[in-house]
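Visitor: Just a sequence and a predicted model for now, questions to come.
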Protein chains: 6
Amino acid sequence: MAESWLPTLITKTPEEGFQLAVKLSRMGVKTTQPDVEVLHKLRPEYANDADSLTAASHVIAVNFQTVSAANNYWRG
Amino acid sequence: MAESWLPTLITKTPEEGFQLAVKLSRMGVKTTQPDVEVLHKLRPEYANDADSLTAASHVIAVNFQTVSAANNYWRG
Amino acid sequence: MAESWLPTLITKTPEEGFQLAVKLSRMGVKTTQPDVEVLHKLRPEYANDADSLTAASHVIAVNFQTVSAANNYWRG
Amino acid sequence: MAESWLPTLITKTPEEGFQLAVKLSRMGVKTTQPDVEVLHKLRPEYANDADSLTAASHVIAVNFQTVSAANNYWRG
Amino acid sequence: MAESWLPTLITKTPEEGFQLAVKLSRMGVKTTQPDVEVLHKLRPEYANDADSLTAASHVIAVNFQTVSAANNYWRG
Amino acid sequence: MAESWLPTLITKTPEEGFQLAVKLSRMGVKTTQPDVEVLHKLRPEYANDADSLTAASHVIAVNFQTVSAANNYWRG
């Protein structure tokens, strides 16, 4: 049985939580376009466009809300 | 009586929750454009455009917030 | 006295909650453009455009957050 | 002393709450462009564009989240 | 020591809370482009464009969610 | 061991919380495009475009929601 790519939303630190938010954002893309070669070709298109980068940061921010709430904001 | 496509928001794991978020996002599209053939024709348009993929990931992120909250973040 | 189009946010099932989210999204459009004929003419414009459909699904997702919270996620 | 245009977020019914969300959305526009004549001229531009209408519905949906939470979803 | 431009999220009334949301939205712009002259030149560009105004209203709506929650929706 | 760029979401004041939201928004961009030179070249593109600035402010607003909730809105 394959390991899950998302076994939990709990992380040790806020920084790891941010990395998980990035991962969730990428999986959202990958689910829609699973062909890694296509994704690779598209990279220069958005990685060099200011508005595309802002849009990517927006999705990460939404996922970071979820991960932060899951971790009770790491209030400790 | 037909089975519901959305009997519950509760899932066993975060990964299944993410899949449900993807399903909700697609149903949002399908409700607006129920013609599967049209949707099929549109696929290359957005699946090969970086900004469209980011937008798709954004919708999934919003739905994943809902599913995650419903599942109390699978805190266990 | 006319019946309210939105007497409650409470629904019996998640699927009915999703339908209510769709209704809220459409009312948001209709409030801004009440002329049904205009809306009818605009339909082909967005129903055949991938990005427009994603945007429509996004609005439904935001409204589904509201309806889901109102129903305590149908945790039952 | 002038009356406040926003004395409270509490409304009697969900439908009135939706109307308040519409009002908040319009005030967000009006605050940025207070010249009513300009707003009037812009109306045909967005009221006849499907994507603009979806965007308007999106803002209403965000404000409706706020108003719904304020009213504890009119759970009664 | 300079006074903070954001000493608190608490306001006396919903209307003042809305004004604070507008301020937060502007500070988000100003942080990215601190040159007031540039901002001044850009004003006609977005203040006369329906979609730009809707986008501005959207940001205010997101910030108003934050301020409203901070004030427990002024439930009194 | 390198210091974390995000050791905590807790800040002393709302203003510092806003600054953290700005930092999170920038890290979302930097994670997608780590090449600082490219980012530097893109700056004039978005810093002089009204819609890009609004989009940047939008991302900050989403992150500010997260930071504000983490700090219990600095209700004190």
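Guide: Ah, there it is. Numbers count the residues shown, from 1 in each chain, chains lettered A, B, ... in the order given.
Visitor: where does whatever residue of chain A ends up closest to chain F sit relative to residue F:14, distance-wise?
Guide: Closest to chain F within chain A is residue A:57: 2.9 Å, counting by C-beta to the nearest C-beta. Bear in mind the C-beta positions are built from the backbone N, C-alpha and C, glycine included. Plainly put, residue A:57 is 22 Å away from residue F:14 if you go by C-beta to C-beta, to the nearest Å.
Visitor: do the same with residue A:46
Guide: Residue A:46 is 33 Å from residue F:14, by C-beta to C-beta.
Visitor: I figured residue A:64 hits residue A:25, correct?
Guide: No - assessed by C-beta atoms under 8 Å, residue A:64 is found out of contact with residue A:25, at 9.1 Å.
Visitor: which residues touch the residue nearest in space to the middle of chain A?
Guide: The residue lying closest to the centre of chain A (C-alpha atoms, centre = their mean) is residue A:22, at 2.4 Å. Neighbouring residues of residue A:22 by C-beta atoms under 8 Å, 6 or more residues apart in numbering or on different chains: A:60, A:63, F:28, F:31.
Visitor: The second one contacts residue B:64, doesn't it?
Guide: Yes - using C-beta under 8 Å, residue A:63 is in contact with residue B:64, at 7.1 Å.
Visitor: can you tell me the helix or strand for the residue nearest to the centre of chain A?
Guide: Assigned by DSSP states H and E, residue A:22 belongs to helix A:14-32.
Visitor: How far off centre is that helix?
Guide: Offset of helix A:14-32 from its chain centre (C-alpha atoms, centre = their mean, to the nearest Å): 2 Å.
Visitor: can you check stretch A:34-43 too?
Guide: Distance of stretch A:34-43 from the chain centroid (C-alpha atoms, centre = their mean) equals 16 Å.
Visitor: Packing partners of the strand or helix carrying residue A:44?
Guide: Element membership for residue A:44 (DSSP H and E) is helix A:36-47. Under the contact criterion of 3 or more C-beta pairs under 8 Å, 6 or more residues apart in numbering or on different chains; DSSP states H and E, helix A:36-47 touches helix A:14-32, helix A:50-70, helix B:50-70.
Visitor: if I look at the residue of chain A closest to chain F, how far off is chain E?
Guide: 12 Å (C-beta to the nearest C-beta, to the nearest Å).
Visitor: ok, for whichever residue of chain A sits closest to chain D, nearest residue in space, not its chain neighbours?
Guide: Residue nearest to chain D within chain A: residue A:62 (12.5 Å; C-beta to the nearest C-beta). Excluding the flanking residues, the one nearest residue A:62 by C-beta to C-beta, 6 or more residues apart in numbering or on different chains is residue B:61, at 4.1 Å.
Visitor: Now for the one you found, how many residues are close by?
Guide: By other C-beta atoms under 10 Å in any protein chain shown, 28 other residues sit near residue B:61.
Visitor: now swap in residue A:30 and tell me
Guide: By the criterion of other C-beta under 10 Å, residue A:30 has 16 neighbours.
Visitor: which ones are touching the residue nearest to it when sequence neighbours are not counted?
Guide: The spatial neighbour of residue A:30 that comes closest, neighbours along the chain excluded (C-beta to C-beta, 6+ apart), is residue A:39 at 7.0 Å. Listed by C-beta under 8 Å, 6+ apart, the contact set of residue A:39 reads A:29-30, A:33, B:53.
Visitor: would a markdown table of those with pLDDT and distance to residue A:3 be doable?
Guide: Conversion of those to a markdown table gives the following (pLDDT from 0 to 100; distance: C-beta to C-beta, whole Å):
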| residue | pLDDT | distance to residue A:3 |
| --- | --- | --- |
| A:29 | 97 | 21 |
| A:30 | 97 | 16 |
| A:33 | 96 | 23 |
| B:53 | 97 | 25 |
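Visitor: of those, closest to residue E:6?
Guide: Of all the contacts of residue A:39, the one sitting nearest residue E:6 is residue A:29; the distance, using C-beta to C-beta, is 34.5 Å.
Visitor: pretty sure the closest one contacts residue B:58?
Guide: No - here residue A:29 does not reach residue B:58: they are 10.0 Å apart, not a contact under C-beta under 8 Å.
Visitor: Who has more neighbours out of these two?
Guide: Using other C-beta under 10 Å, the more surrounded residue of residue A:29 and residue B:58 is residue B:58, with 26 against 23.
Visitor: who are the neighbours in contact with the more buried one?
Guide: By C-beta under 8 Å, 6+ apart, residue B:58 lies in contact with A:28, A:55, A:58-59, A:62, C:58.
Visitor: do that again at 10 Å, thanks
Guide: Residue B:58 makes contact with A:25, A:28-29, A:55-56, A:58-59, A:61-63, B:25, C:54-55, C:57-58, C:61, according to C-beta atoms under 10 Å, 6 or more residues apart in numbering or on different chains.
Visitor: just to revisit the earlier point, quick one: common contacting residues for residue A:64 and residue A:25?
Guide: Common neighbours of residue A:64 and residue A:25 (C-beta under 10 Å, 6+ apart) are A:57, B:61, F:28.
Visitor: wait, doesn't the second one sit right on residue A:23?
Guide: Right, residue B:61. No - using C-beta atoms under 10 Å, residue B:61 is not in contact with residue A:23; the gap is 11.8 Å.
Visitor: hey, what's in contact with both of these two?
Guide: Joint contacts of residue B:61 and residue A:23 (C-beta under 10 Å, 6+ apart) are A:60, A:63.
Visitor: How many residues are close by residue A:19?
Guide: Residues lying near residue A:19 (other C-beta under 10 Å) number 17.
Visitor: Hmm, I typed the wrong one, I wanted residue A:8.
Guide: For residue A:8, the count of nearby residues is 15 (other C-beta under 10 Å).
Visitor: List the single closest residue to it in space, sequence neighbours excluded.
Guide: Closest residue to residue A:8 apart from its sequence neighbours, by C-beta to C-beta, 6+ apart: residue B:14 at 6.3 Å.
Visitor: Just want the angle from the lowest-mean-pLDDT helix or strand in chain A to helix F:14-32.
Guide: Taking mean pLDDT, DSSP states H and E as the measure, chain A has helix A:36-47 as its least confident helix or strand, at a mean of 94. Angle of helix A:36-47 versus helix F:14-32, following axes from the mean of the first three to the mean of the last three C-alpha atoms, to 10 degrees, is 130 degrees.
Visitor: Wait, residue A:70 touches residue B:69, no?
Guide: Yes - between residue A:70 and residue B:69 there is a contact under C-beta under 10 Å: 9.2 Å.
Visitor: So which of those two has more stuff around it?
Guide: Taking other C-beta under 10 Å, residue A:70 and residue B:69 do not tie; residue A:70 has more neighbours (22 against 17).
Visitor: Residue of chain A nearest chain B, please.
Guide: Taking C-beta to the nearest C-beta, chain B has its nearest neighbour within chain A at residue A:28, 2.9 Å off.
Visitor: give the contact list for the spatially closest residue to that residue that is not a sequence neighbour.
Guide: Leaving aside its chain neighbours, residue A:28 sits nearest to residue B:57 (2.9 Å; criterion: C-beta to C-beta, 6+ apart). Going by C-beta under 10 Å, 6+ apart, residue B:57 touches A:24-33, A:55-56, A:58-60, A:62-63, B:22, B:25, B:64, C:54.
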